[in-house]
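[1] Dropping the sequence and predicted coords here.
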Protein chains: 2
Amino acid sequence: MSDFNLGLVGVGKIVRDQHLPAIAATPNCQLIATADPYASLPDLPAYQDLEAMLDAHPEITTVSICTPTHLRYSQARAALMRGKHVLLEKPPGATLSEVEDLIACAEKQGVSLFAAWHSRFAPGVANAQQWLAERKVQRVEIVWKEDVRVWHPGQAWIWEPGGMGVFDPGINALSIATAILPQPFFLQQARLLVPSNAQTPIAAELSFTDPEGAAIEADFDFRQSGPPTWDMHIDSDGSRLSLTQGGCRLMIDDELIIDAEEREYQGLYARFAELIANGRSEVDVAPLRQVADAFLYGHRETTDAFIE
Amino acid sequence: MSDFNLGLVGVGKIVRDQHLPAIAATPNCQLIATADPYASLPDLPAYQDLEAMLDAHPEITTVSICTPTHLRYSQARAALMRGKHVLLEKPPGATLSEVEDLIACAEKQGVSLFAAWHSRFAPGVANAQQWLAERKVQRVEIVWKEDVRVWHPGQAWIWEPGGMGVFDPGINALSIATAILPQPFFLQQARLLVPSNAQTPIAAELSFTDPEGAAIEADFDFRQSGPPTWDMHIDSDGSRLSLTQGGCRLMIDDELIIDAEEREYQGLYARFAELIANGRSEVDVAPLRQVADAFLYGHRETTDAFIE
């Protein structure tokens, strides 16, 4: 695996909690500097913005973009245009169309673009995908519920356009489902519950199907109290696969296959390093497309105002 | 151009007004039968559904799908699976994800799939595209306004999820803009005005940009009284291109280049015949993706109830 020198754009909670330990555990990845107008990291050169960071450190070959969604496009494009490899935090953009442009830009520049879906690196996902690859699915039940006050304290942006509301965690479920189900699937009906003082849903009930008529139901809810539920159950030819605890635990027909600690971001940086080494990009827009479809085709109902 | 035998699925207003005359004017296209549970055409075999039509007429090689949007996917897939070429009326699906599956299905079956955007066949569009191909665009102003009571009388579906509201005509403007502008563009901000008794917007103000920072503004409104406005003005390097009357009239710097009658569907069927003859598909999802982006990222405001 070739070495790479990394710059971080945006130094928020996800960077401190997830990116830093994963970068430290990635062989041959050197963290060089950060770009953020409001935050920095101890003992690391810090710049106001991406351009200043890249000007000061021409040795940076690679950037991870962890800023709020609506800022990512212009930063990612600037980095790509300067010949840098780019990792985009999830979701890869505020709109699908801007992501399409980044894909074209990376291809033209001959650099690696990686749309990171961290949940796809949960311990049980690869096995689930493998087990399902040759099977026919009859029924899928996805339950993704968490307490927004616990998991997104003070994150007012989540209720604004682009914040996606309950689809911010829900897209993690969709990123797993689009990876492990053997057929593509698409929305048939959706009910979006939107607080009277918000732009985005606090809960969503979604019915999908696939080309073979599977019944795929998803229930997303931010109004959970107590521990989160991040589970999916898949019925296939008389067997049941259960991927629970956000993908940490995998059971097939009551046999425990995997029960491991979450190390998603380590897997994610390992994949990024592999993409760079092989000169490839990986940008699967399917999870974001599913969310856009739900906003396009879902039925909105107004519910109680959300007061944090 | 090889002959093709056509079956029509869905016999509504658009078929009578547009498809029939265009089919009659398409050399080597024979209309064989129709499939619609509620409507038929004089002197033509009529069936309740697509499967019955194809069972009775194995000589049909090609179908045009003109049913309501939410029915199109399963019909298109059934036709593709039976090895038929398929034309999809606009928009090509209720969701982007179902269209992706149809693209894969057509490829696998080795048949032609054509997502028809009729406005792209307006008289001035090809010249506009050619003129803009090598230019840098600074500013675009799109004004697409019509009286919903005149142009969509009694069409209650337009206010339901998937009906897209003012984006039903607006997507025509977007289908032209995505075809003629030399760079891809993407949404930066949108304001969607939704009647208190509707699911979809009656008006929308959209601000897009492109990788070079062009200012692209679109103003869609269903509350127009009097004649419709279907215009776009494009400023490029000191020149101004105006494509007005839905693309029938093209002016560049006050010189009238084209002023012709609308014959969009003839052009559309000619393109379909060409795709079939060359064993190719043409499915550009960009206009539908722009609409999905607007629903995903737009700011909704409630406005007066719509009473027809």
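    Here it is on my side, so go on. Everything quoted here is computed from the prediction, not taken from an experiment.
[2] Give me the phi and psi for the residue lying farthest from the centre of chain A.
    Distance from the C-alpha centroid of chain A peaks at residue A:238, with 31.1 Å (Cα atoms, centre = their mean). Backbone torsions for residue A:238, taken as degrees, to the nearest 10, come to phi 80, psi 0.
[3] now it: how far from chain B?
    Noted for residue A:238: a distance of 26 Å to chain B, by Cβ to the nearest Cβ, to the nearest Å. In short, each C-beta sits where N, CA and C put it, glycine included.
[4] Look at that residue and report its pLDDT.
    Looking at residue A:238, its pLDDT reads 95.
[5] secondary structure element for residue A:173?
    Element membership of residue A:173, judged by DSSP states H and E, is helix A:167-180.
[6] hmm, who's touching the helix or strand following that helix?
    Once helix A:167-180 ends, the next helix or strand along the chain (criterion: DSSP H and E) is strand A:186-195. Outside strand A:186-195, the residues that touch it by Cβ atoms under 8 Å, 6 or more residues apart in numbering or on different chains are A:159, A:165, A:200-210, A:290, A:293-295, A:297-306, B:73, B:94-95, B:97-98, B:100-101, B:161.
[7] What is the three-state secondary structure of residue A:246?
    helix (DSSP: H, G, I helix; E, B strand; the rest coil).
[8] how close does it get to chain B?
    23 Å.
[9] again with residue A:160
    8 Å.
[10] go on, residue A:228?
    24 Å.
[11] So that residue is in contact with residue A:148, correct?
    No - using Cβ atoms under 8 Å, residue A:228 is not in contact with residue A:148; the gap is 10.5 Å.
[12] Looking at the two, which is more packed in?
    Comparing residue A:228 with residue A:148 by other Cβ atoms under 10 Å in any protein chain shown, the one with more neighbours is residue A:148, at 21 against 16.
[13] what's around residue A:16, how many residues?
    12.
[14] That one: what secondary structure?
    Residue A:16 is classified as helix under three-state DSSP.
[15] Residue A:108 too?
    helix.
[16] Contacts only, for residue A:91.
    With Cβ under 8 Å, 6+ apart, residue A:91 has these contacts: A:69, A:164, A:171, A:287, A:288, A:291.
[17] can you rerun that using 6 Å?
    Shown in contact with residue A:91 (Cβ atoms under 6 Å, 6 or more residues apart in numbering or on different chains): A:171, A:288.
[18] Which element, helix or strand, includes it?
    Residue A:91 belongs to no helix or strand, assigned by DSSP H and E.
[19] how about the residues of chain A near chain B?
    A:94-98, A:101, A:161-162, A:184, A:186-187, A:289, A:292-293, A:295-297, A:299 (Cβ under 6 Å from any Cβ of the partner chain).
[20] Can you flag which of those residues belong to strands?
    A:186, A:187, A:299 (DSSP state E).
[21] can you redo those residues as JSON lines with pLDDT?
    Formatted as JSON lines, these follow (pLDDT from 0 to 100):
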{"residue": "A:186", "pLDDT": "97"}
{"residue": "A:187", "pLDDT": "98"}
{"residue": "A:299", "pLDDT": "98"}
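[22] and which of those residues is nearest chain B?
    residue A:186 (3.7 Å; Cβ to the nearest Cβ).
[23] Show me the helices in the stretch 151-300 of chain A, by range?
    With DSSP state H, counting those that start in this stretch as the criterion, the stretch 151-300 of chain A has helices at A:167-180, A:264-278, A:286-297.
[24] how big is the angle separating the longest one from helix A:167-180?
    By that I understand helix A:264-278. Orientation check (axes from the mean of the first three to the mean of the last three Cα atoms, to 10 degrees): helix A:264-278 against helix A:167-180 gives 60 degrees.
[25] which intervals of the stretch 1-150 of chain A have sub-threshold pLDDT?
    A:1-2 (pLDDT under 70).
[26] ok, which stretches of it are helices?
    Using DSSP H, counting those that start in this stretch, helices in the stretch 1-150 of chain A cover A:13-14, A:20-24, A:50-56, A:69-81, A:96-109, A:125-132, A:148-151.
[27] which residues sit in contact with residue A:72?
    residue A:65.
[28] and the closest residue in space to residue A:165 that isn't next to it in sequence, what is it in contact with?
    Spatial nearest neighbour of residue A:165, chain neighbours left out: residue A:200 (3.0 Å); criterion: Cβ to Cβ, 6 or more residues apart in numbering or on different chains. Residue A:200 sits next to A:159, A:163, A:164, A:165 when contact means Cβ under 6 Å, 6+ apart.
[29] repeat that for 10 Å
    A:157-168, A:192, A:194, A:222, A:295, A:306, B:296, B:300 (Cβ atoms under 10 Å, 6 or more residues apart in numbering or on different chains).
[30] Hmm, residue A:149 is touching residue A:226, no?
    No - assessed by Cβ atoms under 10 Å, residue A:149 is found out of contact with residue A:226, at 11.9 Å.
[31] Pick out whichever of those two has more residues nearby.
    residue A:149 (14 against 9).
[32] now the helices of the stretch 1-150 of chain A as TSV including distance to residue A:253?
    Putting those into TSV (distance: least, Cβ to Cβ, whole Å) gives the following:
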stretch	distance to residue A:253
helix A:13-14	36
helix A:20-24	33
helix A:50-56	50
helix A:69-81	39
helix A:96-109	38
helix A:125-132	11
helix A:148-151	31
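[33] Any idea which of the ones you listed gets closest to residue B:78?
    Shortest distance between residue B:78 and those, using Cβ to Cβ, is found for helix A:125-132: 25.4 Å.
[34] just checking, what packs against the closest one?
    Helix A:125-132 sits against helix A:167-180, strand A:229-236, strand A:239-244, strand A:249-252, strand A:255-259, helix A:264-278, with contacts defined as 3 or more Cβ pairs under 10 Å, 6 or more residues apart in numbering or on different chains; DSSP states H and E.
[35] what's the closest of those to residue A:64?
    helix A:264-278 (8.2 Å).
[36] CA atoms of the closest one as CSV?
    The C-alpha trace of helix A:264-278 is given here as CSV (Å, rounded to 0.1, in the frame of the first residue of the first chain):
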residue,chain,number,x,y,z
GLU,A,264,-16.3,1.1,10.8
TYR,A,265,-14.0,4.0,10.1
GLN,A,266,-10.9,1.8,10.2
GLY,A,267,-12.5,-0.3,7.4
LEU,A,268,-13.4,2.8,5.6
TYR,A,269,-9.9,4.3,5.6
ALA,A,270,-8.5,0.9,4.6
ARG,A,271,-10.8,0.9,1.6
PHE,A,272,-9.8,4.5,0.7
ALA,A,273,-6.1,3.5,0.8
GLU,A,274,-6.9,0.5,-1.4
LEU,A,275,-8.8,2.7,-3.9
ILE,A,276,-5.9,5.2,-4.0
ALA,A,277,-3.3,2.4,-4.5
ASN,A,278,-5.4,1.0,-7.4
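[37] where's the helix holding residue A:173 relative to the chain centroid, distance-wise?
    7 Å (Cα atoms, centre = their mean, to the nearest Å).
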